[in-house]
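> Okay, structure incoming, though there's no sequence with it:
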């Protein structure tokens, strides 16, 4: 997952890829529902996406924040 996010944000295409990422994550959450399993994914995403948010604007920054919000929710519910 982190590799996919890295490729999307490296090309500044995270906003365009977000719906596919969300669909994949939602499907995976249905199969692996334990929040503690998602905590490491959320932590890895923070490491990758927080700097991205700091250096981008507009739709890209919003997509990155939306993705982090989703992963935080998955890690806590």
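Looks like it came in fine. Predicted, not measured: the structure shown is a model, and the values here were computed from it.

> So which residue is smack in the middle of this protein?
Against the mean C-alpha coordinate of the chain, by CA atoms, centre = their mean, the closest residue is residue 67 at 3.8 Å.

> could you show me where the helices are in this protein, in order?
Applying DSSP state H to the chain gives helices spanning 2-10, 14-31, 35-55, 58-76.

> tell me the most buried of those helices?
Per residue and on average, the most neighbours among these fall to helix 58-76, with a mean of 17 (mean count of other CB atoms under 10 Å). (C-beta placed from N, C-alpha, C; glycine too.)

> That one versus helix 14-31: what angle between them?
For helix 58-76 and helix 14-31, the angle between their directions (axes from the mean of the first three to the mean of the last three CA atoms, to 10 degrees) works out to 10 degrees.

> who does helix 58-76 touch, helix- and strand-wise?
With contacts defined as 3 or more CB pairs under 8 Å, 6 or more residues apart in numbering; DSSP states H and E, the secondary structure elements packing on helix 58-76 are helix 2-10, helix 14-31, helix 35-55.

> which of those has the lowest average pLDDT?
Taking each of the helices and strands packed on helix 58-76 in turn, the lowest mean pLDDT turns up on helix 2-10, with a mean of 53.

> follow-up on the earlier one: OK, contacts around the residue nearest to the centre of the chain?
The neighbourhood of residue 67, defined by CB atoms under 8 Å, 6 or more residues apart in numbering, consists of 5, 14, 18, 21-22, 45, 49.

> Any chance of TSV for these, columns distance to residue 28?
Written out in TSV, the entries for the contacts of residue 67 read as follows (distance: CB to CB, whole Å):
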residue	distance to residue 28
5	14
14	18
18	15
21	11
22	11
45	13
49	18
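
> Pull the most distant pair out of those.
Within these, two members stand farthest from each other by CB to CB: 22 and 49, at 13.9 Å.

> Hmm, residue 72 is touching residue 42, no?
Yes - because the distance of 5.7 Å satisfies CB atoms under 8 Å, residue 72 is recorded as touching residue 42.
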